[in-house]
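Colleague: give me a 3D structure for the following:
(one chain, ligands or ions: 1)
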Amino acid sequence: MRFYRVEAPERFRCSEPSDPKDWPYTGEYTASRKWGLPGVHCPACGAIWSAGFAYPCVDLSGVPEARKLEEPYLEEDFEEFERLRELVRPLIPAGGLLSPGSKFGPLVGSARGTFAQLFMILDDLLIRREALGQLRAEGIQGLEDCRTQLRFRQRQAPELLELQIEAHGLLHRDCIPQGKAVPCRKCGRYGFSLPNKPLLDRASLPKHLDLFRLANFTTVIVASERLVEAIHRLGFEEVSIRELPLR
Ligand SMILES: [Zn+2]
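Modeller: Alright, predicted model coming up:
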């Protein structure tokens, strides 16, 4: 099985996308998520960071202190961060990664224009309902979807779903600078930037999922060969796809 990195087309990798004329879709949205864990100042490694990815399907409204998680902030007291994190843990999938700055809940905001079947803006991977049904019919596994709360002020608004992409699998230590392959034991931060030639650790990759993100570099989203073939077959060509070698 081969594996591929799925990314937003270049124009959507920054917060202010350019507007090239060759792009057939006009869709855009302004949205945020309701909850997030605070950032931390780690007492062990000294890093001040907040880099969590999103769990769009996780609703924290039943958490007693959810109000505290509605505004992003930096928590200087690491034990308080750990306490908040443990309040959230029962609500996320078992074994899930909870980093400082992890976000929860669907995208809430406004949207307009036309959207591709499957597309990515920044780190959000969105899919139209009919496209999700087509991928499932192709036998693609582990696509967990939830609704977005994007308000359209137009007729014929598409139904946009978001995929929750959990962390499984690792970059291989051979592509990570020496001494950096192990995270901080206290806060879990990895102190390296994305290698020029990322290499996947074959033994760490999940067998039951066709889409996941890497636990030691969570902005890298990986699709199996099965999913990429289905994407090509169905003509969902609006995401950028590049093979990642394995070792
Ligand atoms: Zn640390």
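Colleague: which ones are touching the residue lying farthest from the centre of the chain?
Modeller: Most distant from the centre of the chain: R155, at 29.4 Å, with distances by C-alpha atoms, centre = their mean. Taking C-beta atoms under 8 Å, 6 or more residues apart in numbering, we find R155 in contact with no residue. Using the backbone N, CA and C atoms, a C-beta is placed for each residue, glycine as well.
Colleague: so I221 bridges to which residues?
Modeller: I221 has these beta-bridge partners by DSSP bridges: V6, R213.
Colleague: that one contacts Y4, doesn't it?
Modeller: No. Using C-beta atoms under 8 Å, I221 makes no contact with Y4, being 9.5 Å away.
Colleague: shared neighbours of these two, anything?
Modeller: Common neighbours of I221 and Y4 (C-beta under 8 Å, 6+ apart) do not exist.
Colleague: per-residue pLDDT, the closest residue in space to Q117 that isn't next to it in sequence?
Modeller: Counting by C-beta to C-beta, 6 or more residues apart in numbering, A131 is the residue found nearest to Q117 once chain neighbours are left out, at 3.8 Å. You'll see A131 listed with a pLDDT of 97.
Colleague: also A66?
Modeller: We have a pLDDT of 93 for A66.
Colleague: may I see the buried residues of the worst-scoring helix or strand of the chain on mean pLDDT?
Modeller: Every helix and strand in the chain was compared by mean pLDDT, DSSP states H and E; the lowest is strand 118-121, with a mean of 90. Neighbour-count burial for strand 118-121 flags L118, F119, M120, I121 (criterion: 16 or more other C-beta atoms under 10 Å).
Colleague: what's opposite the third one in the beta bridge?
Modeller: Assessed by DSSP bridges, M120 has beta-bridge partners L125.
Colleague: okay, and the residue nearest to Q117 sits in which element?
Modeller: A131 is part of helix 129-137, with elements assigned from DSSP states H and E.
Colleague: send the alpha carbons of that helix over as PDB?
Modeller: Taking C-alpha atoms only, helix 129-137 is exported to PDB below (Å, rounded to 0.1, in the frame of the first residue of the first chain):
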ATOM      1  CA  ARG A 129     -22.600  15.000   1.400                       C
ATOM      2  CA  GLU A 130     -23.000  13.400  -2.000                       C
ATOM      3  CA  ALA A 131     -19.200  13.000  -2.300                       C
ATOM      4  CA  LEU A 132     -18.900  11.400   1.100                       C
ATOM      5  CA  GLY A 133     -21.600   8.900   0.000                       C
ATOM      6  CA  GLN A 134     -19.600   8.100  -3.100                       C
ATOM      7  CA  LEU A 135     -16.400   7.500  -1.200                       C
ATOM      8  CA  ARG A 136     -18.100   5.200   1.200                       C
ATOM      9  CA  ALA A 137     -19.600   3.300  -1.600                       C
END
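Colleague: by contact count, what packs against that helix?
Modeller: With contacts taken as 3 or more C-beta pairs under 8 Å, 6 or more residues apart in numbering; DSSP states H and E, helix 129-137 sits against helix 225-234.
Colleague: list the helices and strands the helix it packs on packs on?
Modeller: Partner elements for helix 225-234 (3+ C-beta pairs under 8 Å, 6+ apart): strand 3-7, helix 129-137.
Colleague: same list, these, but as JSON lines with mean neighbour count and distance to G46 please.
Modeller: Shown next, in JSON lines, are the helices and strands packed on helix 225-234 (neighbours: other C-beta atoms under 10 Å; distance: least, C-beta to C-beta, whole Å):
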{"stretch": "strand 3-7", "mean neighbour count": "19", "distance to G46": "31"}
{"stretch": "helix 129-137", "mean neighbour count": "15", "distance to G46": "43"}
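Colleague: no further queries at this time; thank you.
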